[in-house]
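Peer 1: here is my input; please provide its structure:
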Amino acid sequence: MYLGIFDVMHLPPQGMHQGAQSDRACVAWNYYHESMNFFLPRVSEDRGSEGIAGMEFPALPYTVALIYKITGSHDFIFRLIVYLIVSFGVFMAWQITGLFISKTIHRLLLTFGWYFSPILVFYTPNFLADPVAFSMSMAAWYFYLKRWFGIEPYKNRLLYTLFVCLAGLIKVSYLITHIAVILIALLWNRLNRDNQVSFQPLRHEILWLFIPFVPVAAWYSYSAQLTAKTWNTHFLQTVNPSSSLNEFIENTRYALNTWQSQLYSPKFMYGLIIVAVYALVFHRKKAPLPAFISALLLTGFAAVFVLFNVQFRYHDYYFILLMPALFFMWIFLQQLWLEKQNFIIGLFPLAFVFCFWYMPFRNLWHAKEVIKNRYTPGNEWNQSAFKTANELIDASGAINKIIPDKSRICVAFDPTPNTALYLLKKRGIRISEDFDSKMTAGILSASKADYLILNDTSRWFQKYQPIIQQKIIPLYNNGENIFVYRIDRSITAPAHRP
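Peer 2: Numbering: from 1, shown residues only. From the prediction side, this is the model:
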């Protein structure tokens, strides 16, 4: 309640990365509205192949669409489902703390202090796949660690496999969880010969260790073929590294400078990382398991950061991948300097104890301020992709009374493929701000659009209408910037602005 999560549950895609949110939201709507064929996900922009596009494993939008069949299409449903899934992931984190930490108050401080990251909180009631994959990976870690401690090993190995497969399918970068598990199997006994806990020999595990790669490879191979067949490249399905060292340095500088405050308060976060690196170097053997897991996940995150470096420059939600590493880092430090410690001596231990108790309150306040900014129109952290999105939302009821449900529309000028189309719950085409008039004329002529939505009539009539030469008949104006026209394809004479 304090964070304002429930205040936004009814909203359509808003704020940061509105375009990416709309892309996923419209996949669920198109399953519900067009076809429930799981293997043919589609977006609302239907210029090519009816909008069918290869994408990450669409378990989330398909699940939402199934519920839409019962409840009807409501943004609240999509947000609620993601909220419940992320809550499940945080609950799994809470369960993991119980395998290491004895005091309930310490478990609460660690779990919620870690969760109160603005990025994670913002994408909790959202439309993207990343927080869902994150939650599946936290569940996978819980079942893996239960198996590690000998708790129902066969059952928990099966559950681990299920959840790590889901994590990798929904977002392939989250396979770093399973790669970390493989490295534990390969290296644990060699690195911890003096430790009482030894890992089951690899020869008993080799088949199981390869299982998660099979469905992930199968789906992304199919998805790549679907993209090649349809030429719809709405969803990234390959690595996106920098093309040079200078570009990598600039992307990294830009990403850290832009997004660091969205993870945690920068001074707090960098202080934690410095202390954790020191502890990993000099004290890792005092709590080897969480130390090893956090080191492996940090290394995995660094590898993904290199492979998808361009994405990290522009997309804050890619940093959610760092959250499991930070979680195990906190557990490692708690085990090292707080768990079963009667006396706290030394600069780092004393600083950690202070931060451990201070962390949840500082992070909660910081997250609240950032989330407020992200939902405030005009704020630099709001950055809605479609500049007249709120006007379009307000006018959508009136527009949809004018335009029949199955009609195709053309929307100008939307810089994202699906935002305006999704907000109106319509299929069709969009004209981006950078499309020239000749391209626009070709797109519109080849489309099935019978209605045109404008948010900049001056630009349309000066640059585009003289080339298009199809009469458009005014139907609606919201009193500000949203105009609706019917396209009369039987008349090709130049139309004048009414």
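Peer 1: low-confidence regions, the stretch 151-300 of the chain specifically.
Peer 2: Applying pLDDT under 70 to the stretch 151-300 of the chain flags residues 192-205.
Peer 1: find the residue closest to residue 67 in space, skipping its chain neighbours.
Peer 2: With CB to CB, 6 or more residues apart in numbering as the criterion, residue 67 has its nearest non-adjacent residue at 5.6 Å, and that residue is residue 77. Just so you know, the C-beta spots here come from the backbone N, C-alpha and C atoms, and that holds for glycine as well.
Peer 1: ok, now how distant is that neighbour from residue 436?
Peer 2: 39 Å (CB to CB, to the nearest Å).
Peer 1: so between those two, which is more surrounded?
Peer 2: residue 77 (18 against 10; other CB atoms under 10 Å).
Peer 1: after the strand or helix carrying the more buried one, heading C-terminal, what element do we hit next?
Peer 2: Secondary structure assigned from DSSP states H and E places residue 77 in helix 75-97. Downstream of helix 75-97, the first helix or strand assigned by DSSP H and E is helix 104-115.
Peer 1: which residues sit against that next one?
Peer 2: 90, 93-94, 97-98, 101, 121, 323, 326-327, 330-331, 334, 338-339, 356-357, 359-360, 363-364 (CB atoms under 8 Å, 6 or more residues apart in numbering).
Peer 1: now do it and helix 75-97, the angle between them.
Peer 2: 130 degrees (axes from the mean of the first three to the mean of the last three CA atoms, to 10 degrees).
Peer 1: assumed residue 433 was part of a helix.
Peer 2: No - with DSSP: H, G, I helix; E, B strand; the rest coil as the criterion, residue 433 is located in coil rather than a helix.
Peer 1: that one and residue 460, how far apart?
Peer 2: Distance, residue 433 to residue 460, by CB to CB: 12 Å.
Peer 1: okay, those two: which has more neighbours?
Peer 2: Using other CB under 10 Å, the more surrounded residue of residue 433 and residue 460 is residue 460, with 22 against 11.
Peer 1: surely that one touches residue 444?
Peer 2: No - look at residue 460 against residue 444 with CB atoms under 8 Å: they stay out of range, at 11.2 Å.
Peer 1: just the strands in the stretch 151-300 of the chain please.
Peer 2: Listed in chain order, the stretch 151-300 of the chain contains no strands at all (DSSP state E, counting those that start in this stretch).
Peer 1: can you give me the helices in it?
Peer 2: Ranges of helices in the stretch 151-300 of the chain, per DSSP state H, counting those that start in this stretch, are 153-170, 176-191, 206-210, 213-230, 245-263, 266-283, 288-307.
Peer 1: shaky segments in the stretch 301-450 of the chain?
Peer 2: 342-346, 348.
Peer 1: so which strand or helix has residue 440?
Peer 2: Element membership for residue 440, per DSSP H and E: helix 437-446.
Peer 1: so which elements touch that helix?
Peer 2: strand 427-431, helix 465-468 (3 or more CB pairs under 8 Å, 6 or more residues apart in numbering; DSSP states H and E).
Peer 1: go with 10 Å
Peer 2: strand 408-412, strand 427-431, helix 465-468 (3 or more CB pairs under 10 Å, 6 or more residues apart in numbering; DSSP states H and E).
Peer 1: dump these into JSON lines; add mean neighbour count and distance to residue 213 as well.
Peer 2: Formatted as JSON lines, the helices and strands packed on helix 437-446 follow (neighbours: other CB atoms under 10 Å; distance: least, CB to CB, whole Å):
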{"stretch": "strand 408-412", "mean neighbour count": "23", "distance to residue 213": "41"}
{"stretch": "strand 427-431", "mean neighbour count": "24", "distance to residue 213": "36"}
{"stretch": "helix 465-468", "mean neighbour count": "18", "distance to residue 213": "50"}
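Peer 1: as a markdown table, the ones you listed with distance to residue 128 would be great.
Peer 2: Converted to a markdown table, the helices and strands packed on helix 437-446 look like this (distance: least, CB to CB, whole Å):
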| stretch | distance to residue 128 |
| --- | --- |
| strand 408-412 | 22 |
| strand 427-431 | 20 |
| helix 465-468 | 36 |
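Peer 1: quick one, which of those is nearest to residue 150?
Peer 2: When these are compared by CB to CB, strand 427-431 sits nearest residue 150, at 53.8 Å.
Peer 1: one step back: quick one: closest of the helices and strands packed on helix 437-446 to residue 312.
Peer 2: strand 427-431 (26.8 Å).
Peer 1: spell out which residues are contacts of both of residue 433 and residue 460.
Peer 2: 412-413 (CB atoms under 10 Å, 6 or more residues apart in numbering).
Peer 1: mind checking how far the residue most central in space within the chain is from residue 89?
Peer 2: Central residue of the chain (CA atoms, centre = their mean): residue 130, 3.2 Å from the mean position. Distance, residue 130 to residue 89, by CB to CB: 11 Å.
Peer 1: try residue 206
Peer 2: Residue 206 is 29 Å from residue 89, by CB to CB.
Peer 1: the two: which is more packed in?
Peer 2: Comparing residue 206 with residue 89 by other CB under 10 Å, the one with more neighbours is residue 89, at 28 against 11.
Peer 1: helices or strands up against the helix of greatest length in the chain?
Peer 2: Longest helix in the chain by number of residues (criterion: DSSP state H): helix 347-374. The contact analysis (3+ CB pairs under 10 Å, 6+ apart) places helix 347-374 against helix 104-115, helix 118-122, helix 245-263, helix 266-283, helix 323-337.
Peer 1: out of the ones you listed, flag the one nearest residue 134.
Peer 2: helix 323-337 (6.2 Å).
Peer 1: Provide a list of residues in contact with the residue nearest to the centre of the chain.
Peer 2: Residue 130 touches 20, 56, 119-120, 123, 170-171, 173-174, 315-321, counting by CB under 10 Å, 6+ apart.
Peer 1: and residue 37, backbone torsions?
Peer 2: For residue 37, the backbone dihedrals are phi -70, psi 110 (criterion: degrees, to the nearest 10).
Peer 1: what's the burial count for it?
Peer 2: 11.
Peer 1: tell me the contacts of it?
Peer 2: 31, 52, 62.
Peer 1: having no further points to raise, I will conclude here.
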